[in-house]
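Engineer: here is my input; please provide its structure:
(chains A and B)
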Amino acid sequence: MKIKKLFKKPRILLLIVFIIFAILAINPGFTKGVAIKYVAFNSTAYIAGMRSPEEATSLRDLEVILYINGQKINSIEDYAGMITSLPINSSIRIKTNKAEYALLKTSNDIGLTVINAPTSNIRKGLELAGGTRVLLKPKEKITEQERQQLVDVLENRLNVFGLTDVKIKPADDLLGNKYILVELAGATKEDVQELLGKQGKFEAKIGNITVFSGGKKDIVYVCRATEQQCFAGIRECLPTNGKYYCKFEFGIKLSPEAAQRQASVTKNLSVITTESGQQALEKKLDLYLDDKLVDSLLIMADLKGKAVQDIAISGPGYGTTKQEAMQNALKAMKKLQTILITGSLPVTLEITKLDTISPTLGEEFLRNALLIGFLALIGVALVIFLRYRNWKISLAMMINCAAELILLLGFAAFVKYNLDLAAIAGLIAAIGTGVDDQIVIADEILRKESFYSWKDRIKRAFFIIFGAYATTFAAMLPLFKAGAGLLTGFALITIVGISIGVFLTRPAFAAMLEVMLE
Amino acid sequence: MFRAIFEKHYKKLALIPVVLLVISIVFLGIKYATTHEIINRDVSLKGGITATIYTEKEIPVKQLESKIPESYVRKLAEFATGKNIGYIIETSAIDEDQLKSILEQEFGLNLTQENFSVEKTGASLGQSFYKELVIAVIFAFLFMGFVVFLIFRALAPSLAVIFAALTDVIVTLAIINLINMKVTAAGIVAFLLVIGYSIDTDILLTTRTIKRKEGSFYERLVSSAKTGLTMTFTTIVALLLASIFTTSYVLKNMFTIIIIALFIDILSTYLTNAGILYWHEKRKK
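Structural biologist: Alright, predicted model coming up:
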């Protein structure tokens, strides 16, 4: 009887409608497989017709790989094991939840970045999922337009380097400082320092004349992997002083103007015979990265005065073993290629904050957050029960806390907000405030002096609740901007949480008590 | 009996939090004069690194602290079983690579992305974080004072609310110093919540005692204290459980600050604020 009455209350119905929307936004479910986060351009997978998801795609709408060559894929481990176990030049049949693809495996990298298939649309932020967060501050004052330019170059640089799960956004603080906030999954500290912390000003000089520099204007093409017309890889490896030295080399194509510039400089140089008996020009081609000499290349005599467009760039890599030296050389090559393609940053950036959170710690943190959330709720239920000795009130409060949690998570999923540590603290603050308000309502309703009507009592409770709401709201406003955006999550979730409370769950709670205690 | 005590001695009772406030201000003043700081800022507010190493191997905290210059080490353990999970190390004196090599030597471990997390804050950024958060707290005070005045449209009750919030913040600051606790950026955010919670109970008290007329002042005070104390104790119990079981120092820091402040708030609300309101009511008659 009473349950029927509950569903006749418009406030309760409104809450139920919103909860349904929230659950739809969270879209929980159990799909086994690996979801495709990124497909590298022109990779084997790309050629087979696979594409990267649009940036705005919800997690649960990502394309999920279910089978490879008829074998069920349940996790990243399954996927990686399957791909590496197949021999080169064999065919791969990938069946996803949307289509089937046939690929030819040419190397172990088929161009896919995958994650375990998400079980909901809730996005885990840095502290929960692990990853790297970098806060960059320009070393000089910049305009808004310059900052946007910086964001574009950085984004391009990280993508060219092969980092796909990257979020870059401008951030400000209360003191008027401008920052750029970068969050990446699966990058190392060294990569970040090289790619983001360095301006990447590349110059090739003969004597003190710059003949070409990094970026599209002078360099029209950079060879990134050996193909028919170009070479990119390790040229030679030699032992030196108990260590190993490997030389990487890759081809680039200069613009006609840059080639002409080089020709006009080499024209005036004289030919000498080097120690090893080669005929070369008296001056070398010196390569500078951020004003530091990285390599000097001999210019062969036959190139004198010629506007050659194809040039080979080389550099060293060292290591205690040959393997290590090769790897270091290849890494250095990749970074140099990235910088040559994307050009230098308009200003130097300082890394003012660099956080790397291990994925293991992230998982541990999530487990712990769930545990303390659960314990806190038990604590609340216990105190409420001791105070009112009425299981109906305790139950109604727990239902409302759960409703608030679902609505907040639904909101975060809907606006694609990453739940990080700050946002979780906001969740706790919002639900804590919610409990306080519900106690105010319960007490007003249960008061002995019954010369007030239900409506009046609820009205009185809401006067107090609105007062408290307005002050908390006001307190959170400055936090939106403070701390270069790192506390925005806290302010946002708290404000949304208390607003949901005041306009949705508290009225529903009052209606619930009205029916249950009548 | 309580009623007689309150009605007779409300002025003296109201002075208890005031005395606490004065002692705290003197204490913080001495601290500021000697160290030029009112709180012990952690690395998130002054620059430096916080590293978390994830290992079951146990090394005494003191031993680690002696090996790492100017460091502060906390042990991470699973509360239920007491099992060692790892260590959190804070230092502003050395860089990440130096710290890593010391730790690798001490623990005999190879530190990788899997078992090692590092958060590094530049000194200038830490400094500006601190400045901004202090500004945020001051703004929060002003905004809330304004809102409270709008709600009650009377000077004495509004000032009483703001005074109570101020007492909560300052006495809590002194206690944190006394127990030698470091404050993180999140810790300062906790003060914003403290102001919010503090004002909640004060608004409840003021509304029930000033805006309503049923029963005597004392009866209204008791009914509002019943509600207010239930609110405060649910929050304290929930946060106490959470702070015991959390493995995140940032959350523990926030929760501890709020718990201390809530205890102070009980005094400032039901002794001082109630006293001022009683005096305000009596004067009106």
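
Engineer: which other helices and strands contact the longest helix seen in chain B?
Structural biologist: Among the segments of chain B that qualify as a helix by DSSP state H, the longest is helix B:2-35. Counting contacts by 3 or more Cβ pairs under 8 Å, 6 or more residues apart in numbering or on different chains; DSSP states H and E, helix B:2-35 packs against helix B:155-178, helix B:217-245, helix B:249-267, helix B:274-284. C-beta: built from backbone N, CA, C; applies to glycine.

Engineer: chain neighbours aside, what residue packs nearest to the residue nearest to the spatial centre of chain B?
Structural biologist: Closest to where the C-alpha atoms of chain B average out (Cα atoms, centre = their mean) is B:Ile257, at 2.4 Å. For B:Ile257, the nearest residue in space outside its immediate sequence neighbours is B:Ala190; the separation is 4.2 Å by Cβ to Cβ, 6 or more residues apart in numbering or on different chains.

Engineer: which residues sit in contact with the nearest residue to A:Lys124 once chain neighbours are set aside?
Structural biologist: The shortest distance from A:Lys124 to any residue that is not its chain neighbour, by Cβ to Cβ, 6+ apart, is 6.2 Å, and that residue is A:Leu419. Going by Cβ atoms under 8 Å, 6 or more residues apart in numbering or on different chains, A:Leu419 touches A:Ile122, A:Arg123, A:Lys124, A:Gly125, A:Leu128, A:Leu409, A:Ala412, A:Gly489.

Engineer: among those residues, name the ones in helices.
Structural biologist: When helices are assigned by DSSP H, the members of the contacts of A:Leu419 inside them are A:Leu128, A:Leu409, A:Ala412, A:Gly489.

Engineer: gap between the residue of the stretch 51-200 of chain B found nearest chain A and B:Ser198?
Structural biologist: Here the residue of the stretch 51-200 of chain B nearest chain A is B:Phe143; by Cβ to the nearest Cβ that distance is 3.5 Å. Relative to B:Ser198, B:Phe143 is positioned 14 Å away (Cβ to Cβ, to the nearest Å).

Engineer: quick one, which of these two is more surrounded?
Structural biologist: Neighbours per residue (other Cβ atoms under 10 Å in any protein chain shown) separate B:Phe143 from B:Ser198, with B:Ser198 holding more: 29 against 19.

Engineer: show the pLDDT at that one.
Structural biologist: In the prediction, the pLDDT value recorded for B:Ser198 is 89.

Engineer: wait, it sits on B:Ala164?
Structural biologist: Yes: assessed by Cβ atoms under 8 Å, B:Ser198 is found in contact with B:Ala164 at 6.0 Å.

Engineer: which neighbours do those two share?
Structural biologist: B:Asp265, B:Ser268, B:Thr269.

Engineer: show me the shaky parts of the stretch 1-150 of chain B.
Structural biologist: Where the stretch 1-150 of chain B drops to pLDDT under 70, the residues are B:79-80.

Engineer: what ranges do the strands span in it?
Structural biologist: With DSSP state E, counting those that start in this stretch as the definition, the stretch 1-150 of chain B shows strands at residue ranges B:40-41, B:48-54, B:71-77, B:84-91, B:116-121.

Engineer: the fourth one pairs with which strands?
Structural biologist: Put plainly, it is strand B:84-91. Using DSSP bridges, the neighbouring strands of strand B:84-91 in the sheet come out as strand B:48-54 (antiparallel), strand B:71-77 (antiparallel).

Engineer: ok, back up a step: counting neighbours, what do you get for the residue nearest to B:Ile257?
Structural biologist: Using other Cβ under 10 Å, the number of residues around B:Ala190 comes to 26.

Engineer: check which helix or strand covers A:Tyr244.
Structural biologist: strand A:243-254 (DSSP states H and E).

Engineer: and that strand, what's buried?
Structural biologist: Of all the residues in strand A:243-254, those buried under the rule 16 or more other Cβ atoms under 10 Å in any protein chain shown are A:Tyr244, A:Tyr245, A:Cys246, A:Lys247, A:Phe248, A:Glu249, A:Phe250, A:Gly251, A:Ile252, A:Lys253, A:Leu254.

Engineer: nice, that's everything, thank you.
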